[in-house]
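Engineer: How does the following fold in three dimensions:
(2 chains)
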Amino acid sequence: MGMVDHNTIPFATEAFGLDLSATYAAVVRAWRSRSGIQYETILTASDQAVSSALPAVAERIQRDTRSSHGVTVGALPVTQGSTRWLTAALSQPAKARRVLPSLLDVHLPFPLESCVYGFLGLQPTDDGQLRALAVVAREAAVSDRLAEMARWNMDPHVLDHEGLACWDYHQQSLPSAEREASIVVYLGQDRTVWAAGYGDRLTHTHATQRALAPHTEDTWHERITRMLRGTFSAAGTPTVHWYWTGPGATDDVLRTAAEERLQRQPIPLTFHMHTEPSTFLARALACRVLNRSPWAWNYRQGTMTHPEMVRRRTVMLRRTAWTGIAAGLCLMAINLGVQRYTQAREQAADAALAEWTRAITGHDHVIRGQEVLLAERALADQQPTWAPLLAAQQPGVLHEWAALLRAGARHELHFDVIRLRPDEIQVRGTAQDWNASETFAQHLEQQGWQVNLQQQDVTDTRRVRFRIDAHRGGTRS
Amino acid sequence: MKNGLRFLIIGALVLLATGLLWTIGTGQAQHAFRQRMDRRLQDLERLQQLRQAQARPLQVRAALEALPQGVPPELNRLLAEYGPDATADVRRRDTVSVGTGWQARRWEVHFDSVDLHALADWLRVLEQQRPPWRLIEGEWHSSDHPAGYARVTLILEGLHQTTP
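Structural biologist: Here you go, the predicted model:
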C-alpha cells in the first residue's frame, strides 16, 4: 500500500453513509443538488432492530448503487486503525513521500507490509520540513471489518476512518476559529470516538470500546480525562469546545451527568451538540466522498479494492481511451482537411499567377515563383514599342505653344525665339520690366517646369531682355 | 489492468499525441502558408497592375485599327487645303516602329515667314485628322518679321499602318 490515492475515492453523485455496529445502525443517503449536499435518513435502528432492518436497506442500496454512480461508505472503528502526524526533515515532497513509510514503520507494533496506510495533507512546517497525517490499519482488521459488514449484506465501496470522518465533517459543518481547541465526541452504543484538534487541524483521534452508560461511567471518565490531559493541557488551552455527536448523545440525562462530571477536571470545557447527532457519522461518511475532501480516506486499497470500483475504473479508463482515440482521429481529420484546403488555395493562387503571367508575356512556359519577374521583363521589352503608340494619344506641343503665347500677351512680352519640345522650352525675348519676365517664369514653374531665367537691361529700348530655359522630367517623345 | 485495456490506452495516447503534434505542425505551417499566400496575393496584384499597363497601348492600338483608314491624310494635301498662305518646305524625317503593323513617321515643315494665327489654325486641323498629325517639336523666330509673323520649323508625326 502507499500514499493516499484519490483514485480509490471514486467519483460519485450519490453516496450511502453506513454507521453500522451490532447494536446500532444508521444509514443515510446523500446526493448533490444545486443548493449543496442533501441528506435523507434511510434507517436508524438499535439493538435487535438492526439485524431485522438491515437486509431490506442493503437490498435498496445495492439496487441504487448498481443503477447510478452511487457508492456506499462504511467506517473502520478508530480502535482498529490509527492516525499519527509524521514530520520528515525534507523540503521536497517527492523525497518526503519516500521517507514517510519508514517513519511510520518505527511507530507501528506490527510490520508495515501487513498494513494499509497512506499519508494525507502533506504540508510544509514553519521550519521548512514536511509533515503529513498517516492513516494506518492492519489489513487483517480491514478484512475483518469487511467480513463483519458482509454479514449485514453490506459491501462498502469505501471504508473510511471514523475519527477523520467525524473531524472533517464537523469542520465542514461548524468551522473552528483559528487556534480554537475543539473535540468532537461520537457517543456510540458500543464505543466512543474522539477527534481533537486546534482550528481546523486534527491532532488526535482516540476511541474506547466502551459506551457511556451508567455502569461504565467511571471508566469512561477516567479514560476521557486522561485523553484530555494528553491532548490539551500541555498547550495551556483556555477553553476546549466539546461537540457531542452519535446516538448516545441524544440521552439528555446521561449527557448532562457527563458534562457535570467533566467540568470537575482542570481543563475548561464548553459543551455543544451537533444537530441530528444520531446520523452524524453516516452523514460524515457520505459527505466526504461526495465533496472529495482532501482528507478523504479509503482503507479499501490494492487487493481489497471493491470489485465495482475496479470495474468502474476500467469502464472509465476505456471511455477515456476511446475519447482519446476519437479526439486523436478528429484532430488528424481536421489537420488533413486544413492541409488539403491550404494546398488547394496555393494551387489556385499559383494557377491564377501563371494565367496572368501567360496573358502578359504571351509565353506558355511560366516558372513558378518568377511570375512577376517574367511579366516585368516582358513589359520592359514591350515598352519601347508602346511609348510612341501611347505618345500618339497624348496632345502634341501645340497647346504648350498656345499657352505660351497667351501668357506672353498677358505679361506684355515680346518673343524673339521660341523652341518647344515635349520636355523643353526655350524662350528669348524682351519684357517691359524685370517683374514681367519674372512673373512669366513663375507662371511656367506653376505648370511644372524647372525654369532658369536670365535678364539683362537694354538701355536703347528701355525694355528688359530675358532668356528662359525650362525643362521637366518625363519620357514624352 | 488487462492487456487489451493497456493497448487501448497506449493506442489512444499515441493517436492523441500524433494528433496534437500534427496540430502543432499545422499551426506552425499556417504561419508560413499565410506568408506565402500574402506574397502570392501581392504578386497577383502586381501582375494585375502590369496587365493594366499593358492593356493601355493595346486599347490605343485597337482604337487606331478601328479607324476607317490606317494612314493620316497627306501633309501636302492638308497644307494646300487648310494651310497658311505661305511657302512651305516639307521633308520626310525618320520613321519609328510602334508595334506590329504601325509606324510613327515624322516630317519637317519649314516656313520662312508665316502668319502665326493661320499656322495655329492649320495645326489644329492636323490634330483633328484620324489618325492624327501631331506637333512634337517647333521653333519660332519672330525677330526681323512683322508682328504676328515668324520663321517657323515644325516636326510633325503621324501614325501609319504598314500592313492591312
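Engineer: so where is the chain shaky, pLDDT-wise?
Structural biologist: No chain specified, so I'll use chain A. Applying pLDDT under 70 to chain A flags residues A:1-8, A:214-215, A:233-237, A:459, A:473-477.
Engineer: my bad, chain B
Structural biologist: For chain B, residues meeting the criterion pLDDT under 70 lie at B:1, B:99, B:163-164.
Engineer: so what are the domain limits for it?
Structural biologist: Listed by automatic domain parsing, the domain ranges of chain B are B:1-66, B:75-161.
Engineer: from these, which stretch is densest packed?
Structural biologist: Sort the domains of chain B by mean neighbour count, taking mean count of other Cβ atoms under 10 Å in any protein chain shown, and domain B:75-161 sits at the top with a mean of 17. Every residue, glycine included, has its C-beta placed from N, CA and C.
Engineer: one step back: which stretch among the domains of chain B comes nearest chain A?
Structural biologist: Nearest to chain A, of all the domains of chain B, is domain B:1-66, at 2.9 Å by Cβ to the nearest Cβ.
Engineer: Quick check: phi and psi on A:Leu254?
Structural biologist: phi -60, psi -40 (degrees, to the nearest 10).
Engineer: Would you confirm that it contacts A:Gly246?
Structural biologist: No: counting by Cβ atoms under 8 Å, A:Leu254 does not reach A:Gly246; the two are 11.8 Å apart.
Engineer: picking that back up, any chance of the domains of chain B in CSV, with distance to A:Ile37 too?
Structural biologist: What follows is those, written out as CSV (distance: least, Cβ to Cβ, whole Å):
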stretch, distance to A:Ile37
domain B:1-66, 32
domain B:75-161, 92
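Engineer: of these, which approaches A:Glu424 most closely?
Structural biologist: Comparing those against A:Glu424 with Cβ to Cβ, the closest turns out to be domain B:75-161 (9.2 Å).
Engineer: Okay, and the residue nearest to A:Gln382 when sequence neighbours are not counted sits in which element?
Structural biologist: In this structure, A:Gln382 finds its nearest non-sequential neighbour in B:Gln54, 6.9 Å apart by Cβ to Cβ, 6 or more residues apart in numbering or on different chains. Using DSSP states H and E, B:Gln54 falls within helix B:3-65.
Engineer: Next: B:Gln69.
Structural biologist: Here B:Gln69 is assigned to no helix or strand, by DSSP H and E.
Engineer: And it, how close does it get to B:Pro131?
Structural biologist: Distance of B:Gln69 to B:Pro131, computed by Cβ to Cβ, to the nearest Å: 8 Å.
Engineer: what sits against the residue in the stretch 101-250 of chain A positioned nearest to chain B?
Structural biologist: Closest residue of the stretch 101-250 of chain A to chain B, Cβ to the nearest Cβ: A:His157 (19.2 Å). Residues near A:His157 by Cβ atoms under 8 Å, 6 or more residues apart in numbering or on different chains: A:10, A:65, A:71-73, A:300, A:306, A:308-309.
Engineer: Contact residues of the stretch 351-477 of chain A facing chain B?
Structural biologist: Selection of the stretch 351-477 of chain A residues close to chain B by Cβ under 8 Å from any Cβ of the partner chain yields A:352-353, A:356-357, A:359-360, A:371-372, A:375-376, A:379, A:382, A:385-390, A:392-393, A:395-398, A:401-402, A:405, A:415-422, A:477.
Engineer: Can you select the buried ones among those residues for me in PyMOL?
Structural biologist: Burial among these is assessed by 16 or more other Cβ atoms under 10 Å in any protein chain shown; the matching PyMOL selection reads:
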select buried, chain A and resi 352+353+356+357+360+371+372+375+379+382+386+387+388+389+390+392+396+397+398+401+405+415+416+417+418+419+420+421+422+477
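Engineer: now the angle from the helix ranked longest in chain A to helix B:3-65?
Structural biologist: For chain A, the longest helix by residue count, based on DSSP state H, is helix A:307-361. Relative orientation of helix A:307-361 versus helix B:3-65 (axes from the mean of the first three to the mean of the last three Cα atoms, to 10 degrees): 20 degrees.
Engineer: about what we covered before: which of A:Leu254 and A:Gly246 has more neighbours?
Structural biologist: Each of A:Leu254 and A:Gly246 has its neighbours counted (other Cβ atoms under 10 Å in any protein chain shown); A:Gly246 has more, 27 against 17.
Engineer: right, and that one touches A:Val184 too?
Structural biologist: No: contact between A:Gly246 and A:Val184 fails when scored by Cβ under 8 Å: they sit 9.5 Å apart.
Engineer: Tell me how far the longest helix of chain A lies from the chain's centre.
Structural biologist: Relative to its parent chain, helix A:307-361 has a centroid offset of 26 Å by Cα atoms, centre = their mean, to the nearest Å.
Engineer: next helix or strand past it?
Structural biologist: Next along the chain after helix A:307-361, with elements defined by DSSP H and E, is helix A:371-393.
Engineer: what's in contact with that following helix?
Structural biologist: Contact with helix A:371-393 is made by A:353-354, A:356-357, A:360-363, A:366-367, A:475-477, B:43, B:46-47, B:50, B:53-54, B:56-57, B:60-61, B:64, B:96-99, B:102, B:104, B:131-132, B:134, B:157, B:159, as judged by Cβ under 8 Å, 6+ apart.
Engineer: And stretch A:422-440, by the same measure?
Structural biologist: Residues from elsewhere that reach stretch A:422-440 (Cβ under 8 Å, 6+ apart): A:397, A:400, A:404, A:407-408, A:411-419, A:444, A:449, A:453, A:455, A:458, A:461, A:463-474, A:476-477, B:136-137.
Engineer: just the contacts of A:His157 now: which is nearest chain B?
Structural biologist: When the contacts of A:His157 are ranked by distance to chain B (Cβ to the nearest Cβ), A:Met309 comes first, at 13.7 Å.
Engineer: Go ahead and confirm that closest one touches A:Arg300.
Structural biologist: Yes: the criterion here is Cβ under 8 Å, and A:Met309 meets it with A:Arg300 at 7.5 Å.
Engineer: Neighbour count for those two, which is higher?
Structural biologist: The neighbour comparison of A:Met309 against A:Arg300 (other Cβ under 10 Å) goes to A:Arg300, with 22 against 18.
Engineer: where does the more buried one land in three-state SS?
Structural biologist: Following DSSP: H, G, I helix; E, B strand; the rest coil, A:Arg300 is assigned to coil.
Engineer: Phi first, then psi, for it.
Structural biologist: Per-residue torsions, A:Arg300: phi -80, psi 90 (degrees, to the nearest 10).
Engineer: Any figure for the gap between B:Leu20 and A:Ala333?
Structural biologist: Taking Cβ to Cβ, one finds B:Leu20 at 14 Å from A:Ala333.
Engineer: ok, now A:Tyr39?
Structural biologist: As judged by Cβ to Cβ, A:Tyr39 and A:Ala333 stand 48 Å apart.
Engineer: contact partners of stretch A:248-256?
Structural biologist: A:185, A:187-189, A:192, A:211-214, A:244, A:273-274, A:277-278.
Engineer: Helices of the stretch 51-200 of chain A, start to end?
Structural biologist: Using DSSP state H, counting those that start in this stretch, the helices of the stretch 51-200 of chain A run over residues A:93-107, A:139-150, A:162-173.
Engineer: Thanks a lot, catch you later.
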